[in-house]
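# need a structure here:
(one chain, ligands or ions: 1)
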Amino acid sequence: MTGFTVALVLVVAAAGLLRWRRPAWYWLTFGVTLASVRVLVRYATVMDACGLTVPPSRWRLALARAANRPIPEFRPPRILRLRPTRTGLALRLKLRPGQDAFDVAAASDRLRHSFSMYGVTSRELRSGVVEVRMTGYDVLKRVQMPSKTDTRPMRVPVALREDGSVHYRDYRAIPHALTLGATESGKSVYQRNLVAGLAPMNVALVGIDCKQGVELFPLARRFSALADNPDTAAELLDALVERMEGVYQVIRAEQRITADVPDAEIAADIWDLPDHLRPTPVVVLVDEVAELALYANKEQEKRRDRIITALVRLAQLGRAAGIYLEICGQRFGSELGKGITMLRAQLTGRTAHRVNDETSANMAFGDISPDAVIAAIQIPAEMRGLAVAGDSTGGWHRIRAPHTSLRQAVNTCNRHADLTPDLPELAPFRPALPGSSADPVPLSKTAPATA
Ligand SMILES: Nc1ncnc2c1ncn2[C@@H]1O[C@H](COP(=O)(O)OP(=O)(O)OP(=O)(O)O)[C@@H](O)[C@H]1O
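All right, here's what the predicted structure looks like:
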């Protein structure tokens with residue numbers, strides 16, 4: 001064997017090993033070049049085979065006949081740009097007359113295997129221009145978020161989409177959201193990523209965790225208020241409603257001042273207020289929401305109604321006051337009693353992890369997108385953390401958050417503890433910090449055995 005052959009064999013073996021063990025590295029070293037060449041070489045044939053070509057126009061036919069030249073071939077969409085990405089390729093196409101974005105979307109599965117890519121999705125950028133995003137490998141198998149993301153206030157890069165793009169939880173675009181999923185499906189990890197993403201931002205975090213606080217209390221250093229039982233939750237939610245009313249008064253007062261100033265912007269929400277007047281936005285995270293809706297006696301029923309009413313009010317009016325709801329649970333339907341469907345209608349951001357039945361999937365997407373219901377039912381049990389995210393526009397994506405451990409989330413919260421705002425209305429709910437004497441004592445000491 002010559003030296004060249006040995007080198008070639010070694011390179012091919014290294015590429016094969018990388019592809020198997022580290023697909024992301026394979027893509028960046030070998031995959032991106034090979035795939036780009038493959039797409040460009042096969043482009044015309046594949047588009048023709050996928051039914052994405054149009055016949056030559058009449059004048060081209062006439063011109064060919066007049067010049068006695070062969071009949072021109074069917075034409076595929078024109079390539080405007082082929083851009084390699086961290087996880088695949090982005091192909092921008094100008095459609096030919098008579099083609100539409102739906103044609104390309106309908107052919108995405110055929111394009112996927114014809115170009116030997118892992119996944120293909122498409123979206124219309126503007127009239128007649130479509131971007132086909134292809135992924136070179138299963139990006140959701142081992143989620144690696146890009147080191148640089150587009151960070152804006154109240155916009156958290158929380159997960160990766162199956163097309164390799166970043167999935168943002170944008171509170172200003174979609175103020176309130178519902179996250180559903182069976183037990184062990186990945187809800188807490190998703191919520192942890194949200195908290196870790198919000199921690200460096202100028203925002204107050206408020207948590208209601210009726211799982212005795214096990215999910216949110218370790219993150220207490222970055223929380224302005226926490227509740228770990230329905231009684232405290234009811235009081236905390238009332239305090240939030242009071243804060244919301246106070247913020248509305250601030251907006252009204254500013255409106256009165258600006259109303260007489262010609263050309264001045266009139267504030268409609270906290271983001272229109274000048275910086276020195278703008279109250280800190282608040283994200284309220286509710287874990288295991290069904291615990292708040294359960295009751296066993298009249299007293300608890302009254303408390304439940306008070307809690308749901310406060311949540312509905314915050315969901316209806318909170319956006320302008322910069323109060324955003326992030327509600328998480330296993331199920332969230334009418335079986336939880338009155339007010340729940342009204343509340344769900346306000347939670348327009350939806351994320352469903354693996355669910356146990358179609359009814360649960362319908363709770364997430366039944367009123368938004370039938371396709372998303374099917375996608376949520378199909379999430380395999382072994383792919384924990386895989387979810388379907390959609391919103392009231394009917395659009396949806398498969399997403400998966402990175403596997404952030406509780407330790408990592410606690411470290412992030414501790415690092416940003418100095419950013420935790422003190423909100424006067426929520427002062428009574430300020431958590432005792434982990435490690436302080438207010439921490440709960442072990443069970444064996446709190447419940448002495450009776451004789
Ligand atoms: N994005 C992810 N990537 C990889 N593994 C994950 C991911 N999300 C969750 N998991 C795995 O699934 C397990 C369960 O996740 P998690 O605790 O978030 O589920 P859950 O829906 O909150 O469950 P429960 O309702 O019982 O608290 C985790 O221990 C983790 O190992």
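# now do the same contact list for the residue of the chain found nearest the ligand.
As assessed by CB to the nearest ligand atom, the ligand sits closest to Gly385 within the chain, at 2.3 Å. To be clear about C-beta, it is placed using only N, CA and C from the backbone, and glycine gets the same treatment. Applying CB atoms under 8 Å, 6 or more residues apart in numbering, we find Gly385 in contact with Val143, Ser185, Gly186, Val189, Tyr190, His353, Arg400, Ala401, His403.
# nearest residue to it other than its sequence neighbours?
Leaving aside its sequence neighbours, Gly385 sits nearest to Gly186 (CB to CB, 6 or more residues apart in numbering; 3.6 Å).
# surely that neighbour touches His353?
Yes - using CB atoms under 8 Å, Gly186 is in contact with His353, at 4.9 Å.
# out of the two, which sits in the busier spot?
Between Gly186 and His353, His353 has the larger neighbour count (other CB atoms under 10 Å), namely 29 against 22.
# which residue is the nearest non-sequential neighbour of that one?
Using CB to CB, 6+ apart, the closest residue to His353 is Gly181 (2.8 Å).
# now stretch 140-157: buried residues?
Leu140, Val143, Met145, Met154, Arg155, Val156, Pro157 (16 or more other CB atoms under 10 Å).
# then it to CSV, C-alphas only?
Taking Å, rounded to 0.1, in the frame of the first residue of the first chain, the C-alpha atoms of stretch 140-157 are listed here in CSV:
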residue,chain,number,x,y,z
LEU,A,140,-32.1,16.4,19.2
LYS,A,141,-30.3,13.2,20.2
ARG,A,142,-27.6,15.1,22.2
VAL,A,143,-28.6,18.7,22.4
GLN,A,144,-25.8,21.2,22.1
MET,A,145,-27.0,24.8,22.2
PRO,A,146,-24.9,27.2,20.0
SER,A,147,-22.5,29.3,22.1
LYS,A,148,-23.9,32.5,20.6
THR,A,149,-27.6,33.1,20.6
ASP,A,150,-29.8,36.1,19.8
THR,A,151,-30.4,37.4,23.4
ARG,A,152,-32.9,40.2,23.8
PRO,A,153,-34.8,41.2,26.9
MET,A,154,-37.3,38.6,28.0
ARG,A,155,-36.3,36.2,25.3
VAL,A,156,-34.8,32.9,26.5
PRO,A,157,-33.0,30.4,24.2
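# what's opposite Asp396 in the beta bridge?
Actually, residue 396 is Trp. It isn't Asp. Taking DSSP bridges, one finds Gly390 as the beta-bridge partners of Trp396.
# repeat for Arg350
Counting by DSSP bridges, Arg350 forms beta bridges with Leu178, Gly390.
# wouldn't it be in contact with Ala389 here?
Yes - counting by CB under 8 Å, Ala389 is a contact partner of Arg350 at 7.0 Å.
# all strands of the stretch 1-150 of the chain, in order?
78-84, 88-94, 119-126, 129-135 (DSSP state E, counting those that start in this stretch).
# could I get those strands in a markdown table, plus columns for mean neighbour count, distance to the ligand and mean pLDDT?
What follows is those, written out as a markdown table (neighbours: other CB atoms under 10 Å; distance: least, CB to the nearest ligand atom, whole Å; pLDDT from 0 to 100):
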| stretch | mean neighbour count | distance to the ligand | mean pLDDT |
| --- | --- | --- | --- |
| strand 78-84 | 13 | 26 | 95 |
| strand 88-94 | 21 | 20 | 95 |
| strand 119-126 | 17 | 18 | 92 |
| strand 129-135 | 22 | 18 | 95 |
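# could I get those as CSV with distance to Arg69?
Below are the strands of the stretch 1-150 of the chain laid out as CSV (distance: least, CB to CB, whole Å):
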stretch, distance to Arg69
strand 78-84, 21
strand 88-94, 25
strand 119-126, 34
strand 129-135, 31
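# and the stretch 301-450 of the chain, which residues reach the ligand?
Arg384, Gly385, Arg400, Ala401, His403 (CB under 6 Å from any ligand atom).
# and the buried ones among those, selectable in PyMOL?
Listed next is the PyMOL selection for buried residues among those, using 16+ other CB under 10 Å:
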select buried, resi 384+385+400+401
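# out of the residues of the stretch 301-450 of the chain next to the ligand, list just those in strands.
Among those, the members found in strands (DSSP state E) are Arg400.
# now, the most widely separated pair of the residues of the stretch 301-450 of the chain next to the ligand?
Arg384 and Ala401 (10.4 Å; CB to CB).
# pull up the overlap in contacts between the two.
By CB under 8 Å, 6+ apart, the residues touching both Arg384 and Ala401 are Gly186, Val189.
# now Met145: closest residue in space that isn't a chain neighbour?
Once flanking residues are discounted, Met145 sits nearest to Pro402: 5.6 Å by CB to CB, 6+ apart.
# might one say that the one you found is in contact with Val143?
Yes - the criterion here is CB under 8 Å, and Pro402 meets it with Val143 at 4.5 Å.
# joint contacts of these two?
By CB under 8 Å, 6+ apart, the residues touching both Pro402 and Val143 are Ala159, Leu160.
# hang on, isn't Thr30 packed against Leu18?
Rather than Thr, residue 30 is Phe. Yes - between Phe30 and Leu18 there is a contact at 7.2 Å, judged by CB under 8 Å.
# now the common contact residues for these two.
Counting by CB under 8 Å, 6+ apart, Phe30 and Leu18 have no shared contacts at all.
# SS state for Arg169?
Using DSSP: H, G, I helix; E, B strand; the rest coil, the structure places Arg169 in strand.
# does it really touch Leu194, like I thought?
Yes - using CB under 8 Å, Arg169 is in contact with Leu194, at 6.1 Å.
# between those two, which contacts overlap?
Counting by CB under 8 Å, 6+ apart, the residues touching both Arg169 and Leu194 are Val156, Val158.
# before we move on, the earlier item: Throw the buried residues of stretch 140-157 into JSON lines and include distance to the ligand, thanks.
Below are those laid out as JSON lines (distance: CB to the nearest ligand atom, whole Å):
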{"residue": "Leu140", "distance to the ligand": "9"}
{"residue": "Val143", "distance to the ligand": "6"}
{"residue": "Met145", "distance to the ligand": "11"}
{"residue": "Met154", "distance to the ligand": "22"}
{"residue": "Arg155", "distance to the ligand": "20"}
{"residue": "Val156", "distance to the ligand": "15"}
{"residue": "Pro157", "distance to the ligand": "14"}
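# for the residues you listed, which one is nearest Ser369?
Taking the buried residues of stretch 140-157 together and measuring to Ser369 by CB to CB, the closest member is Leu140, at 19.7 Å.
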